[in-house]
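Undergrad: The sequence and its predicted three-dimensional model are supplied below.
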Amino acid sequence: MPCIFGDVPAIFGDCKISSGELTCPSRATFGSEQNVGAHYPTSPHQRAQPVSALTVTAFLALAPACGVAPAEVPMLAAIVATESSFHPYSVHVNEAGRSVASRRFGSVQEATAYVDALIAQGVTNIDMGATQLNLRAGHLQKRGLPPSAAFDPCTAARIGIEVLAECFGRAPAVLPEQDRLDASLHCYNSGRFTPNGYADRVRVNFERRILPALRARNTLATEEAPSLPSPPAATATPTQRPTATVLRPGTGRELTFNR
């Protein structure tokens, strides 16, 4: 599956590649984290035990298997970290631009029952699943899917990256590419291109949660690589490890690193 962002810049922060190695400042600054919304108990399921969240490593492996382009997985992972902290059965109710209720359920059935109850009460501004697909925006309905589909991590990943791509396609083309991608992130969060701090929060999560997982995966792959007999010196050739491209807005370049 090709990257749906085409030639969008792929830089987050100040990380660099030197001699094939990924390096980042020890204290990169990506903006300040913000706590969004209040959480009020409004559901009979409020005491349901939440299912364990996906690990970052599990999501990084899952998303490509679900059809997300590998180059887009790190950015999507940062969005999921920001939206739901990788909880597949997460539900948020929004009102006047802010979250007024937040739940993490233990199963698809519990999460779906809660959403159905909200819909019966006339509530439609509901974010659902790992990528927090919005009911009122029609993220699922436009694709012929029921609300429960948001709670399937694979479906959530595929539609989540599609929604971000749709936002990018509608963002003003006259903007510098970093600003256009930031506007797309704001659109993903609120449906509008107005800056609201969301892009900064995505960067914070990329630096704090996704980048360490990418580094750990790189290290593990290196440690687990089998040792092979060295070929004769005359025919020796350098072994190239596969590389992955990390989507990171900012400089007009793509960042690749050895897995």
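TA: Looks like it came in fine.

Undergrad: Now Thr194. Nearest residue, chain neighbours left out?
TA: Leaving aside its sequence neighbours, Thr194 sits nearest to His186 (CB to CB, 6 or more residues apart in numbering; 6.3 Å). (Glycine included, C-beta is placed from N, CA and C.)

Undergrad: oh, I was asking about Ala65
TA: Cys154 (7.6 Å).

Undergrad: which SS class is that neighbour?
TA: Counting by DSSP: H, G, I helix; E, B strand; the rest coil, the backbone at Cys154 sits in helix.

Undergrad: shouldn't Asn196 be in contact with Tyr188?
TA: No - look at Asn196 against Tyr188 with CB atoms under 8 Å: they stay out of range, at 10.9 Å.

Undergrad: one step back: OK, contacts around the residue nearest to Thr194?
TA: Arg192, Phe193, Thr194, Pro195, Asn196, Tyr198, Ala199 (CB atoms under 8 Å, 6 or more residues apart in numbering).

Undergrad: how does it look with 10 Å?
TA: Residues near His186 by CB atoms under 10 Å, 6 or more residues apart in numbering: Cys167, Ala171, Arg192, Phe193, Thr194, Pro195, Asn196, Gly197, Tyr198, Ala199, Val202.

Undergrad: Could I have the buried ones of the residues you listed as ChimeraX selection syntax?
TA: The ChimeraX command for the buried members of these (criterion: 16 or more other CB atoms under 10 Å) is given here:
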select :167,171,193,196,198,199,202
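
Undergrad: Going by distance to Asn125, which of the contacts of His186 wins?
TA: Nearest to Asn125 among those: Arg192, at 13.5 Å, using CB to CB.

Undergrad: Could you measure from Tyr114 over to Met128?
TA: From Tyr114 across to Met128, the span is 10 Å (CB to CB, to the nearest Å).

Undergrad: where along the stretch 151-259 of the chain do the helices fall?
TA: Per DSSP state H, counting those that start in this stretch, the stretch 151-259 of the chain carries helices over the ranges 153-170, 177-190, 198-205, 211-224.

Undergrad: any chance of these in CSV, with mean pLDDT and distance to Phe59 too?
TA: Converted to CSV, the helices of the stretch 151-259 of the chain look like this (pLDDT from 0 to 100; distance: least, CB to CB, whole Å):
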stretch, mean pLDDT, distance to Phe59
helix 153-170, 97, 8
helix 177-190, 94, 17
helix 198-205, 96, 12
helix 211-224, 84, 9
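
Undergrad: Tell me which of those sits nearest to Val100.
TA: With respect to Val100, and counting by CB to CB, the nearest of those is helix 177-190 at 14.8 Å.

Undergrad: Three-state assignment for the closest residue in space to Leu133 that isn't next to it in sequence, please.
TA: Nearest residue to Leu133, sequence neighbours excluded (CB to CB, 6+ apart): His139, at 4.1 Å. Look at His139: counting by three-state DSSP, its state is coil.

Undergrad: which residues does His139 contact?
TA: His139 sits in contact with 127-129, 131-133, 145, 149-150, 156, 159-160, 162-163, 166, where contact means CB under 10 Å, 6+ apart.

Undergrad: Sounds good, over and out.
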